[in-house]
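K.L.:
return atomic coordinates for the entry below.
(one chain, ligands or ions: 1)
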Amino acid sequence: MITVDAESREILCIESYDNNLDTTPGVEFYSGILCPGFVNMHCHSELSYLRGAIAEGGGYAAFAASMAQVRDKFSDEERAKALQKADREMWDEGIDIVADIVNDNSSFAIKATSPIKYHSFAEVFGLKRSNIEYCKSLTINPNTTLTPHSVYSVQSDDFSQVCNSSAAPLSIHFKESEAEELLFEGRGSLAEWYSAVGFECDFLHCGSPARRIVESIPADRSVILVHNCFVTQEDIDLIMSHFTAPVYWVLCPRSNRYISGIVPDVVHLLRRNNLNITIGTDSLASNHSLSILEELRCFDTLPLEELLTWATYNGAVALGEKPRGIINICGADLKAMKLTPQTTIKRIL
Ligand SMILES: [Zn+2]
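P.N.:
The predicted structure is shown next:
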């Protein structure tokens with residue numbers, strides 16, 4: 001049973017259910033599961049205007065190329081409207097807390113009035129010309145900190161500046177495509193692209209994406225690694241033996257399917273290693289909706305208690321947040337504790 005302050009709507013107490021309350025006034029009953037609101041651990045809300053604008057399944061390079069093509073075709077009003085709608089949808093989908101990547105200041109006005117708590121990560125990238133000074137200017141916004149985009153798009157100086165910039169967690173796109181590992185071996189589509197346009201990397205001596213992580217980031221800085229499609233046991237051993245601060249592994253299965261048609265089975269590797277798994281939607285440029293429930297359906301054979309821990313507790317701890325709202329999960333198989341195709345979410349608080 002959950003007791004909520006009638007005025008402030010604050011959660012006062014969570015205790016086990018007592019049958020005597022059946023006739024007590026003010027007690028509302030719900031069937032199914034009462035659960036804290038979800039944490040979306042990876043989103044780019046400012047890309048919401050690109051819903052449906054990019055074709056599915058073309059692979060990562062085609063995705064990046066289409067992004068560049070369609071980006072300028074939308075007005076500021078269209079972008080703001082799409083952002084507002086996405087914020088509303090996330091709230092209705094039971095999402096309370098969002099780790100949101102920002103490249104500009106277009107999302108902060110909506111964030112200021114949203115019931116959702118956002119942590120914004122100003123994303124540093126650029127091999128030739130870096131945006132680090134602009135990103136620093138974005139950190140004047142509430143709850144906004146610097147992060148490197150990835151281990152393949154940021155030169156050494158910027159990377160170490162960002163890693164030593166504050167104590168906040170870093171949120172890094174990690175091993176989303178095979179090309180990332182191959183770049184460090186001087187081959188693959190990223191290496192070919194970089195050499196075609198004349199980008200030189202000053203970090204390839206690290207030897208691998210995972211090595212770059214452990215050689216660049218202080219052990220006591222918490223990291224959130226996003227995507228992890230091509231993570232290996234060797235990567236996990238290296239990373240987990242380096243960090244003393246917690247490491248969080250974000251899975252965005254529907255975005256991976258949208259961009260590359262891949263269904264990474266890395267979830268089993270992460271579970272076997274007992275790692276902190278969390279869930280993200282990525283952006284509407286690479287997803288049909290911003291729904292954590294829809295992401296969880298990709299793992300519907302796994303125990304529901306575990307899925308809910310990924311989608312709530314792990315993310316909240318990663319961002320140093322407390323549970324805020326309450327949602328009612330209806331239509332789950334409560335005997336087997338599994339999601340079903342009929343499972344839905346209703347926000348209660
Ligand atoms: Zn992303």
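K.L.:
and the residue most central in space within the chain, helix, strand or coil?
P.N.:
The centre of the chain sits closest to residue 42, judged by Cα atoms, centre = their mean, with a distance of 1.5 Å. Secondary structure state of residue 42, per DSSP: H, G, I helix; E, B strand; the rest coil, is strand.
K.L.:
state the distance from it to residue 224.
P.N.:
Look at residue 42 and residue 224: by Cβ to Cβ, to the nearest Å, they are 8 Å apart. No exception for glycine: its C-beta is placed from N, CA and C like everyone else's.
K.L.:
list the residues that contact both of those two?
P.N.:
99, 171, 250 (Cβ atoms under 8 Å, 6 or more residues apart in numbering).
K.L.:
from what I see, residue 67 and residue 55 are in contact.
P.N.:
No: assessed by Cβ atoms under 8 Å, residue 67 is found out of contact with residue 55, at 11.4 Å.
K.L.:
returning to what we had before: which non-adjacent residue is nearest the residue nearest to the centre of the chain?
P.N.:
Take residue 42 and drop its neighbours on the chain: the residue closest to it by Cβ to Cβ, 6 or more residues apart in numbering is residue 280, 2.7 Å away.
K.L.:
and residue 138, how far from residue 321?
P.N.:
Using Cβ to Cβ, residue 138 is found at 20 Å from residue 321.
K.L.:
which of those two has more neighbours?
P.N.:
residue 138 (20 against 16; other Cβ atoms under 10 Å).
K.L.:
partner residues bridging the closest residue to the more buried one other than its chain neighbours?
P.N.:
Leaving aside its sequence neighbours, residue 138 sits nearest to residue 122 (Cβ to Cβ, 6+ apart; 4.1 Å). Residue 122 has these beta-bridge partners by DSSP bridges: residue 102, residue 146.
K.L.:
what's the neighbour count on residue 122?
P.N.:
Residue 122 has 23 neighbouring residues, counting by other Cβ under 10 Å.
K.L.:
my guess is it meets residue 140, correct?
P.N.:
No: assessed by Cβ under 8 Å, residue 122 is found out of contact with residue 140, at 10.1 Å.
K.L.:
mind jotting down where the strands sit in the chain?
P.N.:
2-4, 11-14, 33-36, 38-43, 95-102, 117-124, 144-148, 170-174, 223-227, 247-251, 276-279, 326-330, 344-347 (DSSP state E).
K.L.:
may I see those arranged in JSON lines, with mean pLDDT and distance to residue 309 as well?
P.N.:
Formatted as JSON lines, those follow (pLDDT from 0 to 100; distance: least, Cβ to Cβ, whole Å):
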{"stretch": "strand 2-4", "mean pLDDT": "88", "distance to residue 309": "18"}
{"stretch": "strand 11-14", "mean pLDDT": "85", "distance to residue 309": "16"}
{"stretch": "strand 33-36", "mean pLDDT": "95", "distance to residue 309": "10"}
{"stretch": "strand 38-43", "mean pLDDT": "98", "distance to residue 309": "11"}
{"stretch": "strand 95-102", "mean pLDDT": "98", "distance to residue 309": "15"}
{"stretch": "strand 117-124", "mean pLDDT": "98", "distance to residue 309": "19"}
{"stretch": "strand 144-148", "mean pLDDT": "98", "distance to residue 309": "24"}
{"stretch": "strand 170-174", "mean pLDDT": "98", "distance to residue 309": "20"}
{"stretch": "strand 223-227", "mean pLDDT": "98", "distance to residue 309": "16"}
{"stretch": "strand 247-251", "mean pLDDT": "98", "distance to residue 309": "12"}
{"stretch": "strand 276-279", "mean pLDDT": "98", "distance to residue 309": "8"}
{"stretch": "strand 326-330", "mean pLDDT": "97", "distance to residue 309": "13"}
{"stretch": "strand 344-347", "mean pLDDT": "96", "distance to residue 309": "16"}
